[in-house]
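Colleague: Need coordinates for the following:
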Amino acid sequence: MEKSRVLVVGGTGYIGRRIVRASLAQGHPTLVLMRPEIGLDIDKLQMLLSFKAQGARLVEASLEDHAALVAAVAQADVVISAMSGVHFRSHNLSLQHKLVEAIKEAGNIKRFVPSEFGMDPSKMGHALEPGRVTFDEKMDLRWAIEDANIPHTYVSANCFAGYFCPNLCQMRTLLPPKEKVHVYGDGNVKVNKTIYLRPHENILSQNDVIAKWEKLSGNVLEKIHIPADEFLASMKDTDFANQVGVGHYYHIFYEGCLTNFEIGEDGAEATLLYPEVQYTRVDEYMKRYL
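Modeller: You can find the predicted model right below:
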């Protein structure tokens, strides 16, 4: 079976680098967009060169250069965007909108995967300000994709293990707490049930994650439960990024926005689609932090 040519945009990011490696491992002819704006970022350059050494082809094009971007897109069958969320915030067309315009003009793309990978924005019309902007702008991008009749797949992966498991869902840290842990409400809202990526054994509440860490580490933590009103009050007089983070955490851990709906006919669960893929269980993932 002929493999699809895959173009990855944002290939040096947290998600992007993993997508590049997975595409190469699956034997797809893999192209990685190399933006001139990389400047003097030596770490990103070395990563791109390592991809090249593994068989990827680097395609130089700026997202600000429409003609060059169209030419890059024309070389692929599938485009996967893994750009950082910061690229959603712009008074003008966002960089992803420019990518959509290039895909529309090229007219050859069989599948476009935009950079979402978080909560499903179509379910977040009630989201709190200022964090609501994240979901509103993602929906604007979805409408642009659909208006352009571009074949697409939206991926919602919700809580990534690296950001939510080892820190036991604490904000502003990536490491496990050693003595005390803040528990949002009663801690029983499920947080890892996802729309497209829903590995059954990783559907866990915050209390589940804490219990697994206590069992692995042999250390029992003091639980400090934070009521919803107190948690929301913590965003007052803080910077914009913190306010957005608090709002998103509220929807996840107090409202259960990741699990309070069923997958509809327009959705699919990844582990059922690809049962041969073995995913890492939370217990195994957390052992590296011991």
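Colleague: Tell me which helix or strand in this protein has the weakest average pLDDT.
Modeller: Within the chain, no helix or strand scores below helix 270-273, which has a mean of 74 by mean pLDDT, DSSP states H and E.
Colleague: residues contacting the closest residue to residue 246 other than its chain neighbours?
Modeller: Spatial nearest neighbour of residue 246, excluding adjacent residues (CB to CB, 6 or more residues apart in numbering): residue 235 at 4.1 Å. For glycine as for every other residue, the C-beta is placed from the backbone atoms N, C-alpha and C. Counting by CB atoms under 8 Å, 6 or more residues apart in numbering, residue 235 makes contact with 242, 243, 246, 247.
Colleague: are any of those buried, and which?
Modeller: Neighbour counting over the contacts of residue 235 (16 or more other CB atoms under 10 Å) leaves 243, 246, 247 as the buried ones.
Colleague: Helix, strand, or coil at residue 8?
Modeller: Look at residue 8: counting by DSSP: H, G, I helix; E, B strand; the rest coil, its state is strand.
Colleague: Report the beta-bridge partners for it.
Modeller: On the basis of DSSP bridges, residue 8 is bridged to residue 32, residue 80.
Colleague: how about it, what does it touch?
Modeller: Applying CB under 8 Å, 6+ apart, we find residue 8 in contact with 16, 19, 20, 23, 30, 31, 32, 33, 80, 82.
Colleague: could those residues go into a markdown table alongside distance to residue 119, pLDDT and neighbour count?
Modeller: Formatted as a markdown table, the contacts of residue 8 follow (distance: CB to CB, whole Å; pLDDT from 0 to 100; neighbours: other CB atoms under 10 Å):
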| residue | distance to residue 119 | pLDDT | neighbour count |
| --- | --- | --- | --- |
| 16 | 19 | 94 | 22 |
| 19 | 19 | 96 | 22 |
| 20 | 24 | 98 | 27 |
| 23 | 25 | 97 | 26 |
| 30 | 28 | 98 | 27 |
| 31 | 29 | 98 | 25 |
| 32 | 27 | 98 | 25 |
| 33 | 26 | 97 | 27 |
| 80 | 19 | 96 | 25 |
| 82 | 17 | 92 | 21 |
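Colleague: so where's the chain shaky on pLDDT?
Modeller: 85-93, 161, 190-198, 264-266 (pLDDT under 70).
Colleague: what ranges do the helices span in it?
Modeller: Remark: helices assigned in the chain by DSSP state H are 16-25, 42-53, 66-73, 95-106, 132-147, 161-164, 206-217, 228-233, 240-250, 270-273, 282-286.
Colleague: Kindly present those helices as CSV, with separate columns for distance to residue 178.
Modeller: Shown next, in CSV, are those (distance: least, CB to CB, whole Å):
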stretch, distance to residue 178
helix 16-25, 29
helix 42-53, 30
helix 66-73, 47
helix 95-106, 40
helix 132-147, 32
helix 161-164, 18
helix 206-217, 9
helix 228-233, 22
helix 240-250, 21
helix 270-273, 33
helix 282-286, 15
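Colleague: closest to residue 154 out of those helices?
Modeller: Nearest to residue 154 among the helices of the chain is helix 132-147; the distance by CB to CB comes to 7.0 Å.
Colleague: Show me what counts as buried in the closest one.
Modeller: Quick answer for helix 132-147 (16+ other CB under 10 Å): 132, 134, 135, 137, 138, 141, 142, 144, 145.
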